[in-house]
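> predicted coordinates and the sequence they were generated for:
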Amino acid sequence: MIRKDQLELADRFLTLLGDRIGGGVALEQAERQLSVSTPQLRQLAELLGGWGYKVRESGGQLKLVEVGNFVNDFAIRHYLSTKVFGQKIHSYQSIGSTNTTAWQLAEERAVEGTVVVADRQTAGRGRLGRSWHSPPRVGLWFSLVLRPEIPPSEASGLSLLTALALAQSIQSHCRMEAKIKWPNDCQIAGKKAAGILTELSSELDRVNFIIVGVGLNVNQTKSDFPRPLRSKATSLAIETKQKWQRAEILALFLKEFEHFYLQFKKSGIAPFIQEIERRMALLGQKVTLAAGKDIIAGKVAGLAPDGALLLETKSGDYRAISGEVSVL
Ligand code: BTN
């Protein structure tokens, strides 16, 4: 068991090393700033090594030569600056589905903001009973336990809110435009970069808990996707031609989402509608909406204050609270 003070020291050591491959610090300076001896510093370097951060010592200098890109507790905490989300993190190398595990934990009273994250899912689930391809170490596959005191009918707003937080964190961190495809996909350059699976446990009039599951394609190359997905899916790495630190992106998303969520709990989705519309893919375009057995053709006119999709159809305006939109 690693002690909390060792974790904190390792965290500060990593910051001194500059967080990035090639970053470094003089041995003496590190000892002074962390108030540790040379053997203690070497122990910290070993600890970091176990989490994928390889530190090399040469000529009185310490250099970070490898960053493992893990999404474990240590790596996430290193970047995390939230108050509620991620205060409890369950990280796994391999798991069936983070949503399923988060659901079980929520039933066992897991606190609001608990995060379940896995390097790989063997039974990742998508919307409408589909499966979600979740290969090891390239994507972010995680779920969040939420306990808002809202009526069940308002829960769908959380999917939209998640999509908004994802789009904004991608755009500000990776500096490229990210769009929201109603109700809960995130698109870059017209292709799907992330999907959201929101699952609700409720009684008739109150929510017990909500699991928000996010699958974000981060470092996949084209060939990492199954052939049928290659024309429709993309990753941050494909679009930006560089690899990204997954734990950092998760921490940034949690920060953004927490900020929105605290307001959502007070005022619902309405204050976010304008911003979501501004980021909406397919606004003004002709689409078909598959909602249950119905297929409705129309032009996307925008969103209602509760997040429902508004379509202009030949027979008048249509309001959809769920469904799958395709471009005509
Ligand atoms: C979709 O677009 O159909 C939603 C995909 C959601 C996938 C994520 S990956 C993490 C979490 N665990 C799951 O089993 N699914 C969600």
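Arrived safely, thanks for sending. Residues are numbered from 1 along each chain as shown.
> in stretch 319-328, what counts as buried?
Within stretch 319-328, the residues that count as buried by 16 or more other Cβ atoms under 10 Å are 320, 323-325. Every C-beta, even on glycine, is put in place using the N, C-alpha and C of the backbone.
> let me redo that: stretch 311-318
Within stretch 311-318, the residues scored as buried using 16+ other Cβ under 10 Å are 311, 318.
> just stretch 241-260 next, same as before
When burial is assessed from 16+ other Cβ under 10 Å, stretch 241-260 yields the following buried residues: 244-258, 260.
> okay, now residue 262: neighbour count?
Neighbour count for residue 262, taken as other Cβ atoms under 10 Å: 11.
> nope, residue 281 is what I meant
Look at residue 281: counted by other Cβ under 10 Å, it has 19 neighbours.
> now for the buried residues of stretch 241-260, which pair is the farthest apart?
Using Cβ to Cβ, the pair of the buried residues of stretch 241-260 lying farthest apart is 245 and 260, separated by 22.6 Å.
> pick the one among the buried residues of stretch 319-328 closest to the ligand.
Taking Cβ to the nearest ligand atom as the measure, the ligand lies nearest residue 324 of the buried residues of stretch 319-328, at 9.6 Å.
> list the contacts for the closest one?
Under the criterion of Cβ atoms under 8 Å, 6 or more residues apart in numbering, the contact partners of residue 324 comprise 127-128, 289-291.
> apply 6 Å and report the result again.
Residue 324 makes contact with residue 290 under the criterion Cβ atoms under 6 Å, 6 or more residues apart in numbering.
> relative to residue 126, how far out is it?
As defined by Cβ to Cβ, to the nearest Å, residue 324 lies at a distance of 11 Å from residue 126.
> what's the pLDDT at the nearest residue to residue 133 once chain neighbours are set aside?
Ranked by Cβ to Cβ, 6 or more residues apart in numbering and with sequence neighbours excluded, the top spatial neighbour of residue 133 is residue 226, at 6.0 Å. Confidence per residue is given as pLDDT, and for residue 226 that number is 93.
> same question for residue 1.
According to the predicted model, the pLDDT of residue 1 comes to 60.
> quick one, what contacts the one residue in the stretch 51-200 of the chain that gets nearest to the ligand?
Going by Cβ to the nearest ligand atom, the ligand is nearest to residue 195 of the stretch 51-200 of the chain, at 2.1 Å. Shown here is residue 195, whose contacts under the criterion Cβ under 6 Å, 6+ apart are 126, 185, 215.
> pull out the buried residues from the residues you listed.
Those of these that meet the buried threshold are 185, 215, by 16+ other Cβ under 10 Å.
> contacts with the ligand among the contacts of residue 195, please.
126, 185, 215 (Cβ under 6 Å from any ligand atom).
> which one of the residues you listed is nearest to residue 44?
Within the set of those, residue 215 lies nearest residue 44; the separation is 34.0 Å, counting by Cβ to Cβ.
> not counting the helix or strand where that closest one lies itself, show me its contacts.
When secondary structure is defined by DSSP states H and E, residue 215 falls within strand 207-217. Under the contact criterion Cβ under 6 Å, 6+ apart, strand 207-217 has outside partners 99, 102-103, 106, 132, 139-144, 146-147, 150, 152, 155, 162, 193-202, 235.
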